[in-house]
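A.B. asks: Provided below for reference: sequence and predicted model.
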Amino acid sequence: MFERFTKQARQVVKSAVDIAARQGSGKVGPEHLLVALSGVPDGPVREVLSELGATPATLAAAASGEQDDAALLARLGIDLEEVRRSVERNFGEGTWARRSIRKGHIPFTPEAKKALELSLRHALALKSKSLEVEHVLLGVLDAGPTVRKTLNVISVEPGQVKRRLLAVLKAAG
Amino acid sequence: MDDLGKLAVAATNDHPGEGLRAIAALRRLLDRLEELHVEHARDRGWSWEEIAGALGVTKQTVHRKHGRRFRR
C-alpha cells in the first residue's frame, strides 16, 4: 500500500507513530496523523493548516484530550493545572508531558487505516501518480469522528480544512 | 471531604455520562501520577516489592503495569 507514498508522506506516517508513542498512546489514530501533517515544513498542507491555527502545538494538545479532562476534573474540584505544577515542582520541569516511550510495535486504529486507504483514493481521484501529504490530509479529514473532535477543540470544522485545501490545490494547478 | 462530596455528586448526577466521563478522567490522572511516582521510585533504586507495598498491591500487579517501561 505504501509504494505510491512520496518520501514526505512516508515521513508523516512515521512521525505519527512517534507522536503516538510520545503521548503514551497505545495506538496510532488519525489524530496523530493530523498532528504529524501540521509539522510538514512547507507546501499547501502547511499553508492551510497554519492559516486555521492548526499547529503541531495546538493540535497535539487537542489530540491528547487533556483539555477535556481538565474540564471534567474541575467539576470534581480538582485543578489539573495545579496538579501538573505540583508534579513539575517535585519531579522537575517537563516531566508531566514527557512519557516514557513505549517499546515495540504500536498498531494503527481502524480509523487511521481507513484514513490511509482514503488518501490513496483521493490521490487516484485527483489523478496523481504519487500519494502526497495533501492526499493524506484529505483522507484524515474523511476518516471519522476522532479527527472532527480534535479539530473542534481548536474551533475548526473538517469541511473548512477540506474546502480550503482543495481550493489551494486547484489554484496551484 | 469536599472533593469526595463533589465526586459523589458527579457520580449520581442526572446525566450519567457526565459522572462516568469524570470518573474516566480521574482514572487517567491517577494512572499518570502512578507512572510518575513509580518512575521516581525506580530512579531512587526502590525494588518492585517496595513499590508494590507502598501502593498496596501485589508485586505482580505493579510489574505487569509498569515493568515493560523499564525493560531496556
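C.D. replies: Cool, the structure landed. Because the structure is predicted, anything quoted here is derived from the model rather than measured. Numbering: from 1, shown residues only, chains lettered A, B, ... in the order given.
A.B. asks: what bits of chain A have low per-residue confidence?
C.D. replies: Within chain A, the stretches with pLDDT under 70 are A:1, A:99-104.
A.B. asks: what sits against residue 62?
C.D. replies: As the question left the chain open, I've gone with chain A. If a contact means Cβ atoms under 8 Å, 6 or more residues apart in numbering or on different chains, then A:Ala62 has A:Glu31, A:Thr150, A:Leu151, A:Val153, A:Ile154 as its contacts. For every residue, glycine as well, the C-beta is placed using N, CA and C.
A.B. asks: that's the wrong chain, I wanted chain B
C.D. replies: B:Val38, B:Trp48, B:Ile51, B:Ala52, B:Leu55.
A.B. asks: Excluding residues flanking it in the chain, which one is nearest it?
C.D. replies: Nearest residue to B:Val62, sequence neighbours excluded (Cβ to Cβ, 6 or more residues apart in numbering or on different chains): B:Ala52, at 4.3 Å.
A.B. asks: what do you get for A:Val168?
C.D. replies: Of all residues not flanking A:Val168 in the chain, A:Pro44 sits nearest, at 4.5 Å (Cβ to Cβ, 6+ apart).
A.B. asks: can you give me the end-to-end distance of stretch A:70-88?
C.D. replies: Using Cα to Cα, to the nearest Å, the end-to-end distance of stretch A:70-88 comes to 17 Å.
A.B. asks: one step back: in this structure the residue nearest to B:Val62 contacts B:Arg64, no?
C.D. replies: No: contact between B:Ala52 and B:Arg64 fails when scored by Cβ atoms under 8 Å: they sit 10.7 Å apart.
A.B. asks: between the two, who's got more neighbours?
C.D. replies: Between B:Ala52 and B:Arg64, counted using other Cβ atoms under 10 Å in any protein chain shown, B:Ala52 has the larger neighbour count: 19 against 11.
A.B. asks: what helix or strand is that one on?
C.D. replies: Per DSSP states H and E, B:Ala52 falls inside helix B:48-55.
A.B. asks: Other residues contacting that helix?
C.D. replies: Applying Cβ under 8 Å, 6+ apart, the external contacts of helix B:48-55 come out as B:Glu34, B:Val38, B:Ala41, B:Arg42, B:Thr58, B:Lys59, B:Thr61, B:Val62, B:His63, B:Gly67.
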